[in-house]
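Peer 1: Here is my input; please provide its structure:
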Amino acid sequence: MLRALVIFALFGFSLPATAQERVDLELVFLQDASRSIDDVEIKLQREGYAAAITHPDVLDTILGGYYRRIVVTYVEWGDETSQEIVVPWTIIDGPKAAASFAQKLRTAPRLASGPNAIGSAIAKGHDLIEGNAYKGTRKVIDFSGDSSYSGGGIYVHEARAAALADGIIINGLAILCRDCSGRPADIDLELAFETMIIGGPGSFVVTADGNTSFSKAVLRKLLLEVAAAPTERTARVVPAD
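Peer 2: Numbers count the residues shown, from 1 in each chain. You can find the predicted model right below:
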């Protein structure tokens with residue numbers, strides 16, 4: 001081995017780069033933790049994703065893929081200086097890995113803070129995908145938020161365009177709370193997400209407007225993303241009775 005290294009050095013050859021691990025999907029969960037989201041809602045969001053990633057239907061879909069594994073990371077975002085990795089990149093290839101991811105997600109402290117900086121959040125998701133050690137057949141940013149307003153940081157259209165140019169699909173989870181204090185009540189959030197945030201082949205928006213609806217929305221969204229087969233551009237979850 002030492003002799004081979006000397007030969008490479010003498011003749012100017014370089015050793016091959018370490019191959020990236022192949023997966024069916026690179027997926028960034030990019031979740032709203034700005035100041036309009038309280039600690040109860042943070043817990044609700046995390047629990048929704050923890051339950052979804054461990055759901056038998058999701059695991060069956062993952063194991064039905066070509067490589068039989070995906071890689072995911074969970075990031076919470078606030079202002080332009082606050083995009084925090086809650087759970088780092090993790091291979092999900094069965095119940096054990098999914099349960100470990102879910103446990104870390106449920107127990108990690110809240111880290112993100114500040115007002116909305118959606119463009120900076122999307123740019124963070126983009127950087128994480130481009131800088132990881134994996135090569136996915138598909139690359140997806142799973143963006144959630146209760147507003148389309150961005151008050152600082154990178155412009156949303158610039159971050160979105162850069163991600164799409166690198167083949168990243170952006171899907172949206174619109175958290176509806178039109179009658180709540182401090183939340184925007186005068187916009188069509190689904191339409192705003194569709195025109196300003198999501199993009200790429202088969203991109204879609206799922207909506208949630210209550211605790212039960214949120215968990216259903218996350219599960220439906222994750223199944224669509226893992227299967228890569230949304231039936232329509234905009235998918236909506238009917239609120240629970």
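Peer 1: Centre-most residue in this protein?
Peer 2: Centroid-nearest residue in the chain: residue 29, 2.2 Å away (criterion: CA atoms, centre = their mean).
Peer 1: Which element is encountered next along the chain beyond the helix or strand that it is a member of?
Peer 2: Assigned by DSSP states H and E, residue 29 belongs to strand 21-32. Going down the chain from strand 21-32, the next helix or strand is helix 39-53, by DSSP H and E.
Peer 1: The residue nearest to the centre of the chain touches residue 73, doesn't it?
Peer 2: Yes. Between residue 29 and residue 73 there is a contact under CB atoms under 8 Å: 6.9 Å. C-beta here means a position set from N, CA and C on the backbone, and glycine is covered the same way.
Peer 1: Would you map the strands across this structure?
Peer 2: 21-32, 70-77, 83-92, 134-145, 168-175, 205-208 (DSSP state E).
Peer 1: Can you get me a residue count around residue 41?
Peer 2: Applying other CB atoms under 10 Å, we find 17 residues neighbouring residue 41.
Peer 1: Against residue 214, how distant is it?
Peer 2: 9 Å (CB to CB, to the nearest Å).
Peer 1: So for these two, which residues contact both of them?
Peer 2: By CB atoms under 8 Å, 6 or more residues apart in numbering, residue 41 and residue 214 have no common neighbours.
Peer 1: Dig out what residue 172 forms beta bridges with.
Peer 2: residue 143, residue 205 (DSSP bridges).
Peer 1: Identify the residues contacting it.
Peer 2: Residue 172 makes contacts with 143, 144, 145, 193, 194, 197, 198, 203, 204, 205, 206, as judged by CB under 8 Å, 6+ apart.
Peer 1: ok, 7 Å please
Peer 2: By CB atoms under 7 Å, 6 or more residues apart in numbering, the residues touching residue 172 are 143, 193, 197, 198, 205.
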